[in-house]
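In: sharing a sequence plus its predicted fold:
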Amino acid sequence: MTVRTRFAPSPTGLLHIGGVRTALFCWLYARRHHGSFILRIEDTDRERSTPAAVQVILDGMDWLGLHPDEGPFYQTARYPRYREVIRQWLDEGKAYHCYCTKDELEAMRNAQLAAKAKPRYDGRCRERRDPRPGITPVVRFRSPDEGEVVVEDRVHGDVVFRNAELDDLIIERSDGNPTYNFCVVVDDYDMRITHVIRGDDHLNNTPRQINMLRALGVEPPVYAHLPMILGPDGTKLSKRHGAVSVLHYREQGYLPEALLNYLARLGWSHGDQEIFSLAEMVELFDLDHVNKAASAINPDKLAWISQQHLMRAQPARVSTELAWQFGQLGVEVVGGPPLEAIVLAQRERAKTLQEMAQNSRYFFCSPEGYDDKAARKHLVAEALPLLAQTRAALAALPDWNAPAIHAALEGLAAAAGVGLGKVAQPLRVAVTGGSVSPPIDQTLAIIGHEATLARIDRAVAWVATGGGPGA
RNA sequence: GCUCCCAUCGUCUAGAGGCCCAGGACACAGCCCUCUCAAGGCUGGUACGAGGGUUCGAAUCCCUCUGGGAGCGCCA
């Protein structure tokens, strides 16, 4: 039997880390077993579903490369099918009309809560024969009164629920719209889903769904309920921390495979391995090593993984992403140094593409000013003679490349009887505006011969005129 | 309140009775490398929630407790 998994988000909020992790596991499992991954939009809540939210889901999945083999399917497009099943169940006595008003339901609920009982529908309309005038009924599924349902879960093991705990849930609202638990069942059946992989907040819904599946005459699929993902502080994911759209991660400069790698390690493991390429994840993923406990997001670790992927990715691809980041910063890169050289020089000193771009402005523009602390230490009168010598030596260089620059600077330092740092730091501040950059030879090589000399001149003049604001 | 789930370093996790006085990773501290910052290497500290069992032997199995979480909607 071919594996068929599905990711079924509802377009009522944003697609965040938690949803993405679920999507990832579904996708990985399907890929791993050469099956199909299906995307289904659960938009039966017409009040809260928005086209914008659908678009975010689609864009997010697309960016991450979690492409569905089938779909997206929209539940709102399947209403005729749901009605067909409901009609059939009504005919077979598996479902019935309920004329209780919201007020009555509310009263029932309060009474049960007051009696310290679990609030649930008592089934009072089960045997009702006649409609109540003026009330449009809902349709309820007739849940078994006795026995128990066993959810055979791939991550939790067998979980047993007594049917006595379950009540008759509404499957069609009074406005004619079908409800979630019911649609899921019909869809998973129609779409021949073999493995339902979802958040464990759905574990409690599962016995009801199994009962409905059986009413349809079929046996349930394999279930795997994933633990929740929590915010950095260990509490539920909220807007305050972590519950931001996945697309935020793109803007902040994370590579999709880095985010996916991080998410894969949240709840899944393969021994001690931390870094996985997409191909490795597909090859190694399995449900047996999915953890049962909830896990908290750790931004530091995500950043570290991000950098690991930045260092491993093809420079050409990283360049493309970097160009976008420069665009965001308003830095014109056309006509400047090749981006690949910058990637190679900067990738081990940036956690994200955004950070890389921010730290690389000086490759394209002269510093607008000098870092205060750095200037006070290195751009001072005493440093001028050596800086002037450096300028002369660099000006005389016939070939402008890192090894040649390096040799020149080394020679200068040796002749002056100082360490390379004495030469490099003033130069670095003059040319980049700060005290941090890739190795000075590489930095100068990328900036270019002319620009380097011009910037040294500016710095010398700046020192000569007593410093002051600006460069 | 009822039902269900969960429980190893601060965090992510390895661990499927002896290989564990518990391993890896992030973070943190120190050292090395070094023109700065990184990257990399080395070293260090910190964890099996508590109590009972079972067993020659338990982080691993069972029970109770405690602590977290989820569900109990004409939301998904």
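Out: Good, I have the coordinates.
In: which single residue of the stretch 301-450 of chain A approaches RNA strand B most closely?
Out: Closest approach between the stretch 301-450 of chain A and RNA strand B, counting by Cβ to the nearest atom of the strand: residue A:439, at 2.8 Å. For the C-beta atoms, the positions are set from N, CA and C on the backbone; glycine is no exception.
In: just give the number of residues close to that residue.
Out: 14 (other Cβ atoms under 10 Å).
In: so who does it touch?
Out: Residue A:439 makes contacts with A:345, A:402, as judged by Cβ atoms under 8 Å, 6 or more residues apart in numbering.
In: what's it sitting at in phi/psi?
Out: Backbone torsions for residue A:439, taken as degrees, to the nearest 10, come to phi -50, psi 140.
In: equivalent analysis for residue A:96, please.
Out: Dihedral angles (degrees, to the nearest 10) for residue A:96: phi -150, psi 160.
In: local confidence estimate at the residue of the stretch 301-450 of chain A closest to RNA strand B?
Out: pLDDT for residue A:439: 97.
In: distance of it from residue A:150?
Out: Noted for residue A:439: a distance of 63 Å to residue A:150, by Cβ to Cβ, to the nearest Å.
In: likewise residue A:374?
Out: 68 Å.
In: which one's more surrounded, the two?
Out: In this view residue A:374 and residue A:150 are compared by other Cβ under 10 Å, and residue A:374 has more residues nearby, 19 against 12.
In: grab the nearest non-local neighbour of that one.
Out: Nearest non-adjacent residue to residue A:374, counting by Cβ to Cβ, 6 or more residues apart in numbering: residue A:435, 4.0 Å away.
In: wait, is that neighbour part of a helix?
Out: No - assessed with DSSP: H, G, I helix; E, B strand; the rest coil, residue A:435 is coil; it does not lie in a helix.
In: what's near enough to touch it?
Out: Residue A:435 neighbours (Cβ under 8 Å, 6+ apart): A:371, A:373-374, A:377-378, A:425, A:428-429.
In: please look at residue A:5 and residue A:192 and confirm they touch.
Out: No - with contacts defined as Cβ atoms under 8 Å, residue A:5 does not count as touching residue A:192, sitting 11.0 Å away.
In: same drill for those two, tell me which one is more crowded.
Out: residue A:5 (28 against 13).
In: name the nearest residue to the more buried one, ignoring sequence neighbours.
Out: Excluding the flanking residues, the one nearest residue A:5 by Cβ to Cβ, 6+ apart is residue A:26, at 4.1 Å.
In: hang on, isn't that neighbour packed against residue A:197?
Out: Yes - under the criterion of Cβ under 8 Å, residue A:26 makes contact with residue A:197 at 4.8 Å.
In: all strands of chain A, in order?
Out: Remark: strands of chain A, listed N- to C-terminal, are A:4-7, A:36-41, A:70-74, A:95-98, A:138-141, A:148-153, A:157-162, A:170-172, A:195-199, A:222-226, A:229-230, A:295-296; assignment by DSSP state E.
In: ok, and which of the ones you listed has the densest surroundings?
Out: Of all the strands of chain A, strand A:4-7 carries the top mean neighbour count, a mean of 26, counting by mean count of other Cβ atoms under 10 Å.
In: from RNA strand B, how far out is residue A:1?
Out: 23 Å (Cβ to the nearest atom of the strand, to the nearest Å).
In: number of nearby residues for that residue?
Out: By the measure other Cβ under 10 Å, the count of residues near residue A:1 is 7.
In: that one touches residue A:195, doesn't it?
Out: No - the pair residue A:1 and residue A:195 does not pass the contact test of Cβ under 8 Å, sitting 10.3 Å apart.
In: OK, contacts around the most far-flung residue of chain A relative to its centre?
Out: Among residues of chain A, the one most distant from the C-alpha centroid is residue A:415; the distance is 54.1 Å, by Cα atoms, centre = their mean. Under the criterion of Cβ under 8 Å, 6+ apart, residue A:415 has no neighbours.
In: the one 4 residues further on too?
Out: Remark: with contacts taken as Cβ under 8 Å, 6+ apart, residue A:419 is in contact with residue A:413.
In: cool, and residue A:173?
Out: A:138, A:179.
In: which one is residue A:355 nearest to, not counting chain neighbours?
Out: residue A:253 (6.7 Å).
In: gap between the one you found and RNA strand B?
Out: Distance from residue A:253 to RNA strand B, by Cβ to the nearest atom of the strand: 15 Å.
In: what residues are up against that residue?
Out: A:306, A:321, A:325, A:352-357.
In: repeat for residue A:315
Out: Residues in contact with residue A:315, defined by Cβ under 8 Å, 6+ apart, are A:340, A:343-344, A:347.
In: swap in 7 Å and give it another go.
Out: Shown in contact with residue A:315 (Cβ atoms under 7 Å, 6 or more residues apart in numbering): A:340, A:343-344.
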